[in-house]
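Undergrad: turn this into a structure:
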Amino acid sequence: MPDELDQKVRAALLENFQTVEPTRTRELLEGSIRYLAKWRGALIGKTFTQETGTIVLNGPLKGLDFVEFSTEGCHVAKLLGSYEQPLHPYIEQAINTEYDRILNVGCAEGYYAVGLALRMPNTKNLAFDTNPIAQEKCKQLAVKNGVEDRIETGALFSPEDFANYSSGRTLVFCDIEGAELDLLNPDIAPALKQMDIIVEAHDCLIPGAADELTKRFAPSHNIERVHDNGLRNLDITPSWFDSLAHLDQILATWEWRSGPTPWLVMTAK
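TA: Next comes the predicted model:
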């Protein structure tokens, strides 16, 4: 796999440099750096699973037996347990709250859905993703960790669906790559006014998304905006990881974000 990946990356870069206009050289170089960083991250991820396995080492989901390859986004940061570290205190707060259910919209492989099910045995987790591959991976991950009886998977989740979960105490955990403005609207889905919400606002894709969500939910929720400066701290690291070049250690915790993606932690009043 590494050799095949190397050749694929090399071919893609050569094609780009041969076809892109000279006036776009800086744009091409910046894109190439990002592309190569992802390539290097994939190689580090391969080494991680070979040397250490797939158990998450740090953070609130420590002990989760994760997948060997992520279907989308970064991978090594999840295994290290540094993924979305600024959000960790709020995740611990959610774990210590007696929710009847969590609506995990945009569950991908189930990192949060399954990880939270391990930590919250009395809470039902409903995991939704429009990608059929992600749905199947989430189901497999639940079985792998022995929590399949507490997780239900589904596809598209619409604003009208919130009404089905209006009883009891509900947490909405949402990461849907810019579609959060379409989904989270208390005027369309009044049940949201009684639910706690943790949402990643993709300001890098939709400028002002966090401000708009804050405006919508300010009357019904107490809101904290959580920013990310990219810095990470690791309490536990494998010995082989400690001997890596510093650039590789940085790339291992890099989460591939192209711009600001603040989280909003919104607690119903």
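Undergrad: give me the most central residue, this structure.
TA: In the chain, the C-alpha closest to the average C-alpha coordinate belongs to Asp175, at a distance of 6.7 Å (C-alpha atoms, centre = their mean).
Undergrad: distance of that residue from Leu205?
TA: If you measure Asp175 against Leu205 using C-beta to C-beta, to the nearest Å, the figure is 12 Å. In short, each C-beta sits where N, CA and C put it, glycine included.
Undergrad: what sits against the residue nearest to the centre of the chain?
TA: Counting by C-beta atoms under 8 Å, 6 or more residues apart in numbering, Asp175 touches Val105, Gly106, Ala108, Val199, Glu200.
Undergrad: ok, now how distant is it from Gln140?
TA: Per C-beta to C-beta, Asp175 is found 20 Å from Gln140.
Undergrad: try Pro60
TA: Note on Pro60: its distance to Gln140, by C-beta to C-beta, is 22 Å.
Undergrad: mean confidence (pLDDT) on stretch 76-96, please.
TA: In this model, stretch 76-96 has a mean pLDDT of 97.
Undergrad: next one: that stretch to chain centre, how far?
TA: Relative to the chain's own centre, stretch 76-96 is displaced by 10 Å; criterion: C-alpha atoms, centre = their mean, to the nearest Å.
Undergrad: tell me the span between the first and last residue of that stretch.
TA: 27 Å (C-alpha to C-alpha, to the nearest Å).
Undergrad: cool, and stretch 143-152?
TA: First residue to last in stretch 143-152 (C-alpha to C-alpha) measures 12 Å.
Undergrad: what comes up buried for it?
TA: When burial is assessed from 16 or more other C-beta atoms under 10 Å, stretch 143-152 yields the following buried residues: Lys144, Asn145, Val147, Glu148, Arg150, Ile151.
Undergrad: still on that earlier bit, pull the most distant pair out of the contacts of Asp175.
TA: Farthest pair in the contacts of Asp175 (C-beta to C-beta) is Ala108 and Val199. Separation: 15.2 Å.
Undergrad: on that earlier part again, adding distance to Leu87 and neighbour count, write the contacts of Asp175 out as TSV.
TA: Shown next, in TSV, are the contacts of Asp175 (distance: C-beta to C-beta, whole Å; neighbours: other C-beta atoms under 10 Å):
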residue	distance to Leu87	neighbour count
Val105	16	24
Gly106	14	23
Ala108	15	24
Val199	11	24
Glu200	9	24
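Undergrad: so can I have a markdown table of these showing pLDDT?
TA: Conversion of these to a markdown table gives the following (pLDDT from 0 to 100):
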| residue | pLDDT |
| --- | --- |
| Val105 | 97 |
| Gly106 | 96 |
| Ala108 | 94 |
| Val199 | 98 |
| Glu200 | 97 |
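Undergrad: tell me which of those residues is nearest to Ile223?
TA: If you rank these by distance to Ile223 using C-beta to C-beta, Val199 comes first, at 10.3 Å.
Undergrad: and the closest one, what does it touch?
TA: Remark: with contacts taken as C-beta under 8 Å, 6+ apart, Val199 is in contact with Val172, Phe173, Cys174, Asp175, Glu180, Leu184, Leu213, Trp263, Leu264, Met266.
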